Structure formats: C-alpha cells, structure tokens
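Undergrad: I need the structure of the sequence given here:
(one chain, ligands or ions: 1)
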Amino acid sequence: MRHWWHDAVIYQIYPRSFADGNGDGMGDLAGIKSRIPYLSRLGVDAIWLSPFYTSPQNDAGYDVADFRDVDPRFGDLSDFDELVTAAHAADLKVVVDIVPNHSSSEHPWFQAALAAEPGSPERALYHFRDGVAVDEDGVTTEPPNDWRSVFGGRAWTQAPDGQWYLHLFDSTQPDFNWDNPKVHEEFADILRFWLDRGVDGFRVDVAHGLVKEPGLPDVGEGLDIEMLGTTRSPFFDVDGVHEIYRSWRQILDSYPGDRMAVAEAWVESPQRRANYVRGDELHQAFNFDLLVADFDAESYRSVIDAELTTVTSVDAPPTWVLSNHDRPRYVTRYGDGKKGLDRARAAVLTMLALPGSVYLYQGEELGLPEVLDLPDHLREDPTWHRSGFTEKGRDGCRVPLPWKRSGPSFGFGEAAGWLPQPSDWGEKSVEAQDGVEGSTLELYRSALALRRRDVPTKVAWLPSEADTLSFHNGCFRCVVNFGSQPVPVDGDVLLSSADLIDGALPSGAAAWFSG
Ligand code: GLC
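TA: Purely as a prediction, here's the structure:
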C-alpha cells in the first residue's frame, strides 16, 4: 500500500515566526490559516506545526504547560480546529509536535510535585533525587550525578526543600519519569486527544531521550554532550524507548486514515536510527545527516547511500532535511551571499530528486539566510543564557518571515515582529519573488510540481566528473556540480538551479534532465 508519507514533502511551520494574524508581533494559528493558499501553491503535501500549546515560552513552546490546549498567544482550540479543516480542504495533511521528554515547570504536575514531599507519588512523575555532599546544615550541595544540560550548565536544579530534579534542557523543562506507568497513560491520552481532532501525524520531540538508564549513572569524564549531538549516553538512545513507540504505533494504527509519526532522534549511527522505524514502531525518523553535511560530492553521496541502505534494512522510507528551527539556515552554512544561495538552491534540487520524504523549513523557499546580528538583548533561546552568553543560540533561524516588500514587519503582520528582520528582507519577500523567473521561490514551486508529477523511486548512480554527482531516480536524471569549475552536461533540462553556460553546469549548481 502506498502511504502519503512515503514520498511527502512536509513543510515545517514555526508558529511564532510564520504569519501574525492579530498584529501582536507573534505569529499565530489564524496567520497560518490565512496562508494556506500560499502553501498549496508552493506544492507541499503536509504541514508540521512546531508547538503551539500552552507554554511560558522559555524554549519557544517546547516547554509545555498544558498538552491539550493552545497558548492564547497562538489562538485557541477552535482556531486549531479551523486550521485543520482548512488544511484538509486544501488537501494538506497536518502533523503536530508532541513533546514527551519533559513538561514546563509550570505544568500542574510539576507544580504539584514541588509542593509534595520527597518520595511522594507526585514527585515520582519526574526525576527527583537527593543530592550528594551534605553541608553543615544537612543540605546537599552537589547534584545526584554529573549530567549536563544540552543547553549548557548542569542538568539538575535544586527544589526549595533541597531535593534535585533532572532537566536535560532548560531548568524550566523538567524531564518526565518514563518508568512511571502514569506518564505512559498520560501521553497515550494526549495522542488520542489530537488524533480525535483530526491530526495526520506527530513529530516526536527528543524521541531518543525519554528513557534513562536505571540508577542514572554518571556519564564520566570526557563525554561532551553537545547540543543535540550524536553521542550515546545514559540518557540518550537507551533501548527502553522502543517499548514506548511500539505502544504508540498501536494507538496510531487504531485510527482510521493514514496517521504517522516521525522521530527526532539524534543517535550515533544510521543503524541506531533504523531501530526507531522498525515495522511496529514509528513510521519515520529524521535523517539529519544532510542538515550537517558539507557541500561536497563525497559527503552527499555517503549520506545518501547510508540512508538508503539503512531504511531498506527496516523497510521504511528515507527522509531528508536541509534546514530546521534548531540549526543555522543552510544558505549561511554553505558560505552565505551568492555562493551560499547558489549552493542552497543546488542542494534543494538534489534533495528533491531523492526518493522518500522531504522536510522543508519555513523560509528556505525564499532563500533566507541566518540572521547573525540580532541584538543580544532580544535573544530568547535558552542556550544563550545557559551558556553564560557564549553560545548565540538558535534565534537567527527563527526570525519572522517576510511576506511583502514593505511594512513594519514586511507583511508578517501589522506590527513589528518579535524579532527584527534585516532591512533588506523586503527584497527576499514572497511578494518580491512571486512570479519572478529564476527566484528561489519559483525554483521551489517548479521543483515541487515536477516532483509531484515524477515521484522519485530510486537512486542509480551514474558515472560523473570529479566533484560532481549524477544519478537517475527512476523518473529523471539529476546532476550536481559541487566543484569550482563548470561541468559540461547534455540532455534536455527540466529544471536547473542556475542557467547553463555554453552547455555547462556552473559551479555550485544542480539540474534535472529528462529521460
Ligand atoms: C528539540 C527541539 C528543540 C527544543 C528541544 C527541547 O530538539 O527541536 O527546539 O529546544 O527539543 O524540547
């Protein structure tokens, strides 16, 4: 059976930065709904909404205080229902984020845990522990183990009564205790809540982190857990997580329609990632290898080969990602300016020529760069604070989208957005690129339309020059020039990221050829 998610193009919406419907400077669900015609015209199959749930927004909504409601900043449940109805009417599937590793410290469960005694059932929903190294007043001065938060600093914070609680992320994001059956029941119910409202799938946040090794052992010296890195540890990619996804799969399968879930699992190898997409677990896992790969032929080829081999071993579809809300935008990662944009355009044609499912991040279709010069006092990413102001964090890829050439936020809304946009973003706006031949927006539209007609089914590598990749995908041929010199090509061009010059593909360009 062909499932929609096997070859879907899924567009990630970061609600606070997509479109502001009520003029308060923060994007919202009404803003998203108003842009559905744009998304249809772009040619994507589905939208994935980053969290819009009730939240104090200490980690831009990945700190959830109520998993079954919409934060008033973004609207309410009826706005959500209207958005789903409108998306479905436009033939767009809707995927929502689910954040099962932690809640906000403002979640009623955590508030009750703080108010309760050590050893109480309320505390057993999270990881509360006594610390070590007691001072003369009998208060512990050191946390129970040496774990570090991925946002910087230690992964433990002391409650007023002296016990410590675990948070792999910000101190306002306490980790749930997944050894507790109540946590399982709660999330099964949350899944059903959103499935009942008609969502087509879930993106599972920190899917590799839920289960911790028994006894919470020290990681020991020398293990540097970088932000969403791939090092295995007593808190990432512990085998017990797979039981959870087996039970979730049964819930998803019990619903009519073709519901799915995709794991955010930063793990040490493609083989470990494949464990998340075994037949009775989740449907997809993001393959983040392109997101971090250098722009060179060898890197791309090895990422593509590894993914195809991996997913084939478990009969799951490949996935591809070049950008998301956690990483610098790829135009900038590839060199910024014209060079970065040229390479980004070539990269997306390469990705869209591959079989499987593709995840796009809002604004990449406009060729937006990372915003590197945000004023420090406006930075909101907890990484900035927790690193002692040494890591700038992820705000630079979260700047509100420019929709129009002018206006207080280039059409994002009636007012200035929650982060300022660079002054030249009017020229990168949807309005400035719409219908303009050769614009990045039109390149994405054309590529998505062609991909929808000619759905890639395979990768058959063809002989090619050095620094060049060439493959046939069952429908058309894709040639990518990663080198610094033009490469002669032949055939009928279906689409190219840059004009051919005297029958040659310029440096940092890709093209699709028929036949
Ligand atoms: C995921 C999200 C990231 C968030 C973190 C904690 O990695 O993508 O934005 O900060 O989880 O929830």
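Undergrad: Pro270: what's it in contact with?
TA: 287, 289, 306-307, 309-310 (CB atoms under 8 Å, 6 or more residues apart in numbering). Yep, even glycine has a C-beta here, placed from its N, CA and C like the rest.
Undergrad: Between these, which sits nearest the ligand?
TA: Using CB to the nearest ligand atom, Asn287 is the member of the contacts of Pro270 that sits closest to the ligand, with 15.1 Å.
Undergrad: Can you pull the residues of this structure lying near the ligand?
TA: Neighbours of the ligand within the chain, by CB under 6 Å from any ligand atom: 59, 62, 99, 169, 205-206, 228, 264, 325-326.
Undergrad: Only the buried subset of those residues, as a PyMOL command please.
TA: Only the buried entries of those go into this PyMOL selection, using 16 or more other CB atoms under 10 Å:
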select buried, resi 59+62+99+169+205+206+264+325+326
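Undergrad: nearest to Gly119, of the residues of the chain next to the ligand?
TA: Phe169 (25.3 Å; CB to CB).
Undergrad: ok, residues contacting the top helix by length along the chain?
TA: Determined from DSSP state H, the single longest helix within the chain is helix 297-314. Helix 297-314 has contacts (CB under 8 Å, 6+ apart) with 270-271, 273-274, 277-279, 287, 289-290, 293, 317-320, 350, 354-356, 459, 461, 466-469, 480, 482-483.
Undergrad: got the buried residues for that helix?
TA: 297, 300-301, 303-304, 306-308, 310-311, 314.
Undergrad: Now do it: distance to the chain's middle.
TA: How far helix 297-314 lies from its chain's middle: 20 Å, per CA atoms, centre = their mean, to the nearest Å.
Undergrad: Please put the alpha-carbon coordinates of that helix into PDB.
TA: Presented in PDB, the C-alpha positions along helix 297-314 are these (Å, rounded to 0.1, in the frame of the first residue of the first chain):
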ATOM      1  CA  ALA A 297      30.200  15.400  -3.500                       C
ATOM      2  CA  GLU A 298      31.700  12.800  -1.200                       C
ATOM      3  CA  SER A 299      29.700  13.900   1.800                       C
ATOM      4  CA  TYR A 300      26.400  14.000  -0.100                       C
ATOM      5  CA  ARG A 301      27.000  10.600  -1.700                       C
ATOM      6  CA  SER A 302      27.900   8.900   1.500                       C
ATOM      7  CA  VAL A 303      24.900  10.400   3.300                       C
ATOM      8  CA  ILE A 304      22.500   9.300   0.500                       C
ATOM      9  CA  ASP A 305      24.000   5.800   0.300                       C
ATOM     10  CA  ALA A 306      23.900   5.400   4.100                       C
ATOM     11  CA  GLU A 307      20.300   6.500   4.400                       C
ATOM     12  CA  LEU A 308      19.100   4.300   1.500                       C
ATOM     13  CA  THR A 309      20.900   1.200   3.000                       C
ATOM     14  CA  THR A 310      19.600   1.900   6.400                       C
ATOM     15  CA  VAL A 311      16.000   2.400   5.700                       C
ATOM     16  CA  THR A 312      15.900  -0.500   3.300                       C
ATOM     17  CA  SER A 313      17.000  -2.800   6.100                       C
ATOM     18  CA  VAL A 314      13.800  -2.000   8.000                       C
END
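Undergrad: could you give the mean pLDDT of it?
TA: Averaging pLDDT along helix 297-314 yields 94.
Undergrad: Could you do stretch 323-332 as well?
TA: Mean predicted confidence for stretch 323-332 is 97.
Undergrad: from the middle of its chain, how far away would that stretch be?
TA: 10 Å.
Undergrad: and the residue of the stretch 401-515 of the chain found nearest the ligand, which of the three is it?
TA: Using CB to the nearest ligand atom, the closest approach of the stretch 401-515 of the chain to the ligand is made by Leu419 at 15.4 Å. With DSSP: H, G, I helix; E, B strand; the rest coil as the basis, Leu419 sits in coil.
Undergrad: ditto for His184
TA: Per three-state DSSP, His184 ends up helix.
Undergrad: And for Trp419, the neighbour number?
TA: Not quite, residue 419 is Leu, not Trp. 20 (other CB atoms under 10 Å).
Undergrad: now the helices for the chain?
TA: 29-34, 36-42, 77-89, 108-115, 181-196, 241-253, 270-274, 289-292, 297-314, 330-333, 337-352, 382-386, 430-433, 440-453.
Undergrad: Comparing the ones you listed, which stretch has the densest surroundings?
TA: With neighbours defined as mean count of other CB atoms under 10 Å, the helices of the chain peak in mean count at helix 330-333, which reaches a mean of 24.
Undergrad: which residues are contacting it?
TA: 291, 322-323, 327, 340-341, 343-344, 347, 364, 367-370, 372.
Undergrad: can you rerun that using 10 Å?
TA: With contact meaning CB atoms under 10 Å, 6 or more residues apart in numbering, helix 330-333 is reached by 290-295, 321-324, 327, 337-345, 347-348, 361, 363-364, 366-372, 396-397, 440.
Undergrad: export that helix as PDB, just CAs?
TA: Provided in PDB are the C-alpha atoms of helix 330-333 (Å, rounded to 0.1, in the frame of the first residue of the first chain):
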ATOM      1  CA  TYR A 330      21.700  26.400   5.100                       C
ATOM      2  CA  VAL A 331      22.300  29.400   2.800                       C
ATOM      3  CA  THR A 332      24.600  30.700   5.500                       C
ATOM      4  CA  ARG A 333      26.100  27.300   6.400                       C
END
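Undergrad: centre of the chain versus it, how much separation?
TA: Worked out by CA atoms, centre = their mean, helix 330-333 lies 16 Å from the chain centre.
Undergrad: next one: stretch 274-282
TA: The answer for stretch 274-282 is 19 Å, by CA atoms, centre = their mean.
Undergrad: Enumerate the positions of it that are buried.
TA: For stretch 274-282, by 16+ other CB under 10 Å, it's 274-278, 281-282.
Undergrad: Now render the residues you listed as CSV, adding distance to Leu49 and pLDDT.
TA: Output for those, formatted as CSV (distance: CB to CB, whole Å; pLDDT from 0 to 100):
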residue, distance to Leu49, pLDDT
Ala274, 27, 95
Asn275, 27, 96
Tyr276, 21, 97
Val277, 22, 97
Arg278, 27, 96
Glu281, 23, 98
Leu282, 18, 98
